[in-house]
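S.K.: Dropping a prediction and its sequence here:
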Number of protein chains: 4
Amino acid sequence: MIRVTVWGENVHEKKSPVVAKIYPEGMHACIAQALTDPELTARTATLDMPEHGLTSDVLETTDVLTWWGHAAHAQVDDKVVDRVHRRVLEGMGLIVLHSGHYSKIFKRLMGTTCSLKWREAGERERVWTVDPSHPIAAGVGECIEIENSEMYGEPFGIPVPDEQVFISWFEGGEVFRSGNCYRRGAGKIFYFSPGHETYPIYRHPKIELVLRNACKWAAAPGVRIVDASENVPVEKAREKLTMKGGSVH
Amino acid sequence: MIRVTVWGENVHEKKSPVVAKIYPEGMHACIAQALTDPELTARTATLDMPEHGLTSDVLETTDVLTWWGHAAHAQVDDKVVDRVHRRVLEGMGLIVLHSGHYSKIFKRLMGTTCSLKWREAGERERVWTVDPSHPIAAGVGECIEIENSEMYGEPFGIPVPDEQVFISWFEGGEVFRSGNCYRRGAGKIFYFSPGHETYPIYRHPKIELVLRNACKWAAAPGVRIVDASENVPVEKAREKLTMKGGSVH
Amino acid sequence: MIRVTVWGENVHEKKSPVVAKIYPEGMHACIAQALTDPELTARTATLDMPEHGLTSDVLETTDVLTWWGHAAHAQVDDKVVDRVHRRVLEGMGLIVLHSGHYSKIFKRLMGTTCSLKWREAGERERVWTVDPSHPIAAGVGECIEIENSEMYGEPFGIPVPDEQVFISWFEGGEVFRSGNCYRRGAGKIFYFSPGHETYPIYRHPKIELVLRNACKWAAAPGVRIVDASENVPVEKAREKLTMKGGSVH
Amino acid sequence: MIRVTVWGENVHEKKSPVVAKIYPEGMHACIAQALTDPELTARTATLDMPEHGLTSDVLETTDVLTWWGHAAHAQVDDKVVDRVHRRVLEGMGLIVLHSGHYSKIFKRLMGTTCSLKWREAGERERVWTVDPSHPIAAGVGECIEIENSEMYGEPFGIPVPDEQVFISWFEGGEVFRSGNCYRRGAGKIFYFSPGHETYPIYRHPKIELVLRNACKWAAAPGVRIVDASENVPVEKAREKLTMKGGSVH
């Protein structure tokens, strides 16, 4: 069983009537609901919980973390970001959603600006499958039609994805790399752009399918690679060595 | 003319007699000397200078920055790291040398641990050219023999390099990805591992050649991509759009 | 001076009045004209010439080859394809245009199907710059508007590009990775999809700019890496070795 | 259950007493034996069988094909290579072993020379794990010690691997990218270099483990992406379109 923790900022849902109407239970609860699957078990955590709900214990028992944030990236404690970062590099999967492109954790893992173009006009988005054999695209078909979406446009300030699963078309004329895979340390990372809070995108069956697929792809339950800068002393070299030259140590 | 700034920590040179003897002028000065070339002009900056010698003015007029640090990574001011990071993403080239694998700037750009194995035994290192057509390998031939070197061994906690130029063999039995290229934002990054402070590695003609090649490869004098998260309003969409759906903005 | 050879199939221009009207001089001649630049010198070669105009002598003196073909891929002699392939791996740049995605040389270099979706409806294509700092995008701006174009759509059966320069938007609702870079052997390869023969796309100033940029990016005048499977005998090993074990040689 | 077909050239085993002594049952049989695992079922096929044992029926019921060949690459029928190539792009995994680097199928999938340095001296090889979290490295530990091996050295004429799992050290002083992953079409490809026929390398427990891991990694039992160049007619465009401009079709 893959243990997923769904992290939600849960700010807009409480402040904006538009969002509260679409996601009365909170976006995190809706996303957790979407992960109903025999192979997955999901719980939620939010910004307002102690340590944002991401204590060491929670992370230790998390195989995949999903991340949705927008209004309050700056309020996420750097210590929690450090902890999440370490766990991703150790092998925890990470699914970064929509405006999470500007989260501390995503920017830290990418090393780049993660900037993009945007427009909130409720326009049509069509998410094209670029890599039909990719496990994250299983069952999706050639594309996902989203009737109302926020436009995210290129250039997207990210490293070249290791695997390009989806690219989106927008009614207003833009394109966007909307489904991107990375491996960083032992962790698998998937960024998926659809999911603006003012439209019921996380209730779209194909979006929910992508989320489930992504959790299964990113999970590596048995993997735990602990960071080490290992000194190999001369006498333990695999080939016989004699110490030569100067030293500062 | 490519404007290179050679940054050196300049700590070991002052504290360790072994290092002072090899690099009496400081490692940074030796590296700058190695960059003598009709296409390059080099100046130096060190940790003990105000703002570590990396003021906005200096960075604005730098096409390529080289970075050597070891003992004092933690003393590098986060504000200076922010500034260097921004300039790399805008298009400044960055050459990270040896123990700079653990510098704040390299770890930030990679997003990973950047950890490795190591042993200071003065053993032989042989840097093999993996990509003989790469501009950084021009004139190097099949390998570089370094009689005394510090061992750096795999696993090296980095993203898969975009281009793999060199891989090293060590007398004690290890291997290491010693010449690795990345593109991050508009910046080109080259990590090159040989260069331990207790051996005269930056006086090796082929190492000096690699440094010059790397500066020429990483430079993009006319490039300046400024970070922007651009809103494209409905009325400026390239296809005619009508606002639909809800909004939080 | 970078020596470019512009290869054109030159079949449609002679058979189709629509194409002949747009490119009375032949598409190859129009493309060569677009390469007018102080750093470039261009000549043309066509299918109907002996050895398709791609003799050993021509290839030996070519730094970058551009390839446009559509109706007659199967008529290209395998021996000529072998020769071009070898030259690319040695270091000759290759710019593959539009329907050249199905050419023998591109399929051979990619190792994949190179298949795609298509529609000839004269619809609008907007080529978005994904990597604004890339030399091939220099001066292009955020996008190229093409009023009438053939739709090429995903999935495009190619390996993940090493560098993603452009992605296209189509009026009919599709997207396409339209500007893709690869390094294979010592050769740099750029695939650029706009260029259907029934529209004057190669007369578009920004398309012409991309072609010039691409030739400059792909050129590596001094590079010539000859294929070799080199035996290193025991007595020439860089570390002292004694022959051990069995042998079939 | 993952269905593996182990293909062996089976030439040296019959001609060379040295090889026959090490692999009296044939290398293919030894490799199939190494795949004994609750998740795998293995059968063998050899060059001398009709269609080299790789009929359409066999390939249709193969999830992963392993390939060992050396002396008789040229004798492999191009029609069989076409068929294997198609199946890999459709989703069949492929494990290419040792001298299989020069097989028709590997060269076709890579698009490059696949050349390398070599020396048959029975020297020590140490296969280092570069990516300890990779499924193919599971249980391998930091390295594999091979007492007698054929040296394969860089430069290796391949595209940059998508994932670098292993890099080898050789007693005579060379290094080699010995465990390389690629995705081509829907197929996952793993090249693994140890396996010279004059040493009992396929009887080494860790090499056998890598083979089992690789088969599990490469398998995608439910995946079957059939090559198609799909025309999308104007009336089936997802956005309403009107035919414009000229046509050759």
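M.R.: Okay, I see it. Numbering: from 1, shown residues only, chains lettered A, B, ... in the order given.
S.K.: When you work out contacts or count neighbours from here on, use the C-alpha atoms and nothing else.
M.R.: Noted.
S.K.: those helices in chain A, which residues are they?
M.R.: For chain A, applying DSSP state H gives helices covering A:12-15, A:17-22, A:27-34, A:56-60, A:78-90, A:104-110, A:205-218.
S.K.: For residue A:24, the count of nearby residues, please.
M.R.: By other Cα atoms under 10 Å in any protein chain shown, the residues close to residue A:24 number 14.
S.K.: give the contact list for it.
M.R.: With contact taken as Cα atoms under 8 Å, 6 or more residues apart in numbering or on different chains, residue A:24 is in contact with residue A:13.
S.K.: roughly how far is stretch A:193-203 from the heart of the chain?
M.R.: Per Cα atoms, centre = their mean, to the nearest Å, the displacement of stretch A:193-203 from the mean C-alpha position of its chain is 15 Å.
S.K.: check whether it contacts chain C.
M.R.: No. Residues of stretch A:193-203 contacting chain C under Cα under 8 Å from any Cα of the partner chain: none, with a closest distance of 15.9 Å.
S.K.: Next: stretch A:158-174.
M.R.: Yes. Between stretch A:158-174 and chain C, judged by Cα under 8 Å from any Cα, the touching residues are A:160, A:162-164, A:167-169, A:173-174.
S.K.: starting at the chain centroid, how far to the lowest-mean-pLDDT helix or strand in chain A?
M.R.: Of all regular secondary-structure elements in chain A, judged by mean pLDDT, DSSP states H and E, the least confident is helix A:12-15 with a mean of 91. Average the C-alpha atoms of helix A:12-15, do the same for its chain, and the two points are 22 Å apart (Cα atoms, centre = their mean).
S.K.: contact partners of it?
M.R.: Applying Cα under 8 Å, 6+ apart, the set of residues contacting helix A:12-15 is A:19-20, A:23-24, A:26-27, A:71, A:197.
S.K.: go with 7 Å
M.R.: Taking Cα atoms under 7 Å, 6 or more residues apart in numbering or on different chains as the criterion, the residues outside helix A:12-15 that touch it are A:19-20, A:23, A:26.
S.K.: got it, and stretch A:76-96?
M.R.: With contact meaning Cα under 7 Å, 6+ apart, stretch A:76-96 is reached by A:51, A:54, A:62-68, A:104-105, A:184-192, A:218-220, A:223-226, B:112.
S.K.: of the residues you listed, buried ones?
M.R.: Buried by 16 or more other Cα atoms under 10 Å in any protein chain shown: A:54, A:62-68, A:104-105, A:184-192, A:218-220, A:223-225, B:112, out of the contacts of stretch A:76-96.
S.K.: So which of those residues sit within strands?
M.R.: Counting by DSSP state E, the members of the buried ones among the contacts of stretch A:76-96 that fall within strands are A:64-68, A:184, A:187-192.
S.K.: These also near chain B: which ones?
M.R.: Of the entries in these, the ones placed beside chain B under the rule of Cα under 7 Å from any Cα of the partner chain are residue A:184.
S.K.: Quick check: the farthest pair among the ones in strands among the buried ones among the contacts of stretch A:76-96?
M.R.: When Cα to Cα is used, the two most widely separated members of these are A:68 and A:184, lying 19.6 Å apart.
S.K.: tell me the average confidence for the longest strand along chain A?
M.R.: The longest strand of chain A (DSSP E) is strand A:117-129. In this model, strand A:117-129 carries a mean pLDDT of 97.
S.K.: so how far is it from its chain's centroid?
M.R.: 19 Å.
S.K.: do it and chain D meet?
M.R.: No. For a cut-off given as Cα under 7 Å from any Cα, strand A:117-129 has no contacts with chain D; the smallest distance is 9.4 Å.
S.K.: Which elements pack onto that strand?
M.R.: Here strand A:117-129 touches strand A:143-153, strand A:163-170, going by 3 or more Cα pairs under 7 Å, 6 or more residues apart in numbering or on different chains; DSSP states H and E.
S.K.: Can you tell me which of those strands is most buried?
M.R.: Per-residue neighbour counts averaged over each of those give the maximum for strand A:163-170, namely a mean of 26 (mean count of other Cα atoms under 10 Å in any protein chain shown).
S.K.: any idea how far it is from the chain center?
M.R.: Relative to the centre of its chain, strand A:163-170 is centred 16 Å away, using Cα atoms, centre = their mean.
S.K.: correct me, but residue A:191 touches residue A:180?
M.R.: Yes. Between residue A:191 and residue A:180 there is a contact at 5.2 Å, judged by Cα atoms under 7 Å.
S.K.: for chain A, which spans come out with low pLDDT?
M.R.: The model of chain A has pLDDT under 70 over residues A:249.
S.K.: for chain D, what are the nearby residues on it?
M.R.: Going by Cα under 7 Å from any Cα, the residues of chain A near chain D are A:133, A:186, A:223, A:225.
S.K.: try it again with 8 Å
M.R.: Counting by Cα under 8 Å from any Cα, the residues of chain A close to chain D are A:91, A:132-134, A:162, A:185-186, A:223-225.
S.K.: what's the closest of those to residue C:58?
M.R.: Closest to residue C:58 out of the residues of chain A next to chain D is residue A:162 (37.4 Å), distances taken as Cα to Cα.
S.K.: How about the closest one: what's its closest non-neighbour residue?
M.R.: Using Cα to Cα, 6 or more residues apart in numbering or on different chains and skipping the chain neighbours, the partner closest in space to residue A:162 is residue A:182 (5.2 Å).
S.K.: Could you give the number of residues near the one you found?
M.R.: As a measure of burial, residue A:182 has 22 neighbours, counting by other Cα under 10 Å.
S.K.: do residue A:29 as well
M.R.: 19.
S.K.: surely it meets residue A:46?
M.R.: No. With contact taken as Cα atoms under 8 Å, residue A:29 and residue A:46 are classed as non-touching, separated by 10.1 Å.
S.K.: Up against chain C, what does chain A have?
M.R.: Chain A comes close to chain C at residues A:126, A:128-132, A:154-156, A:160, A:162-164, A:167-169, A:173-175, as judged by Cα under 8 Å from any Cα.
S.K.: mind redoing it with 6 Å?
M.R.: Within chain A, the positions lying close to chain C (Cα under 6 Å from any Cα of the partner chain) are A:130, A:154-155.
S.K.: export these to TSV and tack on neighbour count and distance to residue B:148?
M.R.: Output for the residues of chain A next to chain C, formatted as TSV (neighbours: other Cα atoms under 10 Å in any protein chain shown; distance: Cα to Cα, whole Å):
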residue	neighbour count	distance to residue B:148
A:130	26	49
A:154	22	48
A:155	25	46
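S.K.: for these, which one is nearest chain D?
M.R.: The nearest member of the residues of chain A next to chain C to chain D, counting by Cα to the nearest Cα, is residue A:130 at 10.9 Å.
S.K.: Leaving out the residues flanking it, which one is nearest to the closest one?
M.R.: The shortest distance from residue A:130 to any residue other than its chain neighbours is 4.5 Å, reached at residue C:155 (Cα to Cα, 6+ apart).
S.K.: any idea how far residue D:221 is from that neighbour?
M.R.: Relative to residue D:221, residue C:155 is positioned 21 Å away (criterion: Cα to Cα, to the nearest Å).
S.K.: likewise residue A:59?
M.R.: When distance is defined by Cα to Cα, residue A:59 is 32 Å away from residue D:221.
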